[in-house]
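Peer 1: This is a predicted model, with the sequence first.
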Amino acid sequence: MGYALFEMTIKAWLEAAVHDAERRGLIELKPMLEMLARATSALRTAEWNADASGEFDRAESDGR
């Protein structure tokens with residue numbers, strides 16, 4: 001079985017999660033999903049967030 005790799009944006013995730021909650025009749029989840037999306041966005045853009053590209057790690061090991 002193959003898996004498609006793609007980047008899921010917070011906006012796309014939120015739209016899919018809200019749609020799924022509505023489909024299941026769980027509309028009361030919408031405010032919590034929106035809050036989770038805002039918190040995730042804030043954490044991803046935080047100054048102290050580590051660079052996940054690994055570029056910083058490679059520079060340190062090269063002595064830069």
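Peer 2: Perfect, I can see it now.
Peer 1: When you work out contacts or count neighbours from here on, use the C-alpha atoms and nothing else.
Peer 2: Fine.
Peer 1: Show the low-confidence segments of the chain, by residue range.
Peer 2: Applying pLDDT under 70 to the chain picks out residues 1-6, 49-64.
Peer 1: which stretches of it form helices?
Peer 2: Using DSSP state H, the helices assigned to the chain run over residues 10-23, 30-44, 55-61.
Peer 1: Any chance of CSV for these, columns mean neighbour count?
Peer 2: Output for the helices of the chain, formatted as CSV (neighbours: other C-alpha atoms under 10 Å):
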stretch, mean neighbour count
helix 10-23, 14
helix 30-44, 14
helix 55-61, 10
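Peer 1: okay, stretch 19-30 in PDB with CA atoms only?
Peer 2: Provided in PDB are the C-alpha atoms of stretch 19-30 (Å, rounded to 0.1, in the frame of the first residue of the first chain):
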ATOM      1  CA  HIS A  19     -16.100  19.100   8.200                       C
ATOM      2  CA  ASP A  20     -15.500  15.700   9.900                       C
ATOM      3  CA  ALA A  21     -17.000  16.900  13.200                       C
ATOM      4  CA  GLU A  22     -20.000  18.300  11.500                       C
ATOM      5  CA  ARG A  23     -20.500  15.100   9.500                       C
ATOM      6  CA  ARG A  24     -20.500  13.200  12.800                       C
ATOM      7  CA  GLY A  25     -23.000  15.600  14.400                       C
ATOM      8  CA  LEU A  26     -20.300  16.900  16.800                       C
ATOM      9  CA  ILE A  27     -20.700  20.700  16.000                       C
ATOM     10  CA  GLU A  28     -19.700  21.500  19.600                       C
ATOM     11  CA  LEU A  29     -16.100  20.600  18.700                       C
ATOM     12  CA  LYS A  30     -15.700  23.500  16.300                       C
END
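Peer 1: How about residues contacting it?
Peer 2: Outside stretch 19-30, the residues within contact range by C-alpha atoms under 8 Å, 6 or more residues apart in numbering are residue 18.
Peer 1: And residue 10, how far from residue 42?
Peer 2: Separation of residue 10 from residue 42 (C-alpha to C-alpha, to the nearest Å): 11 Å.
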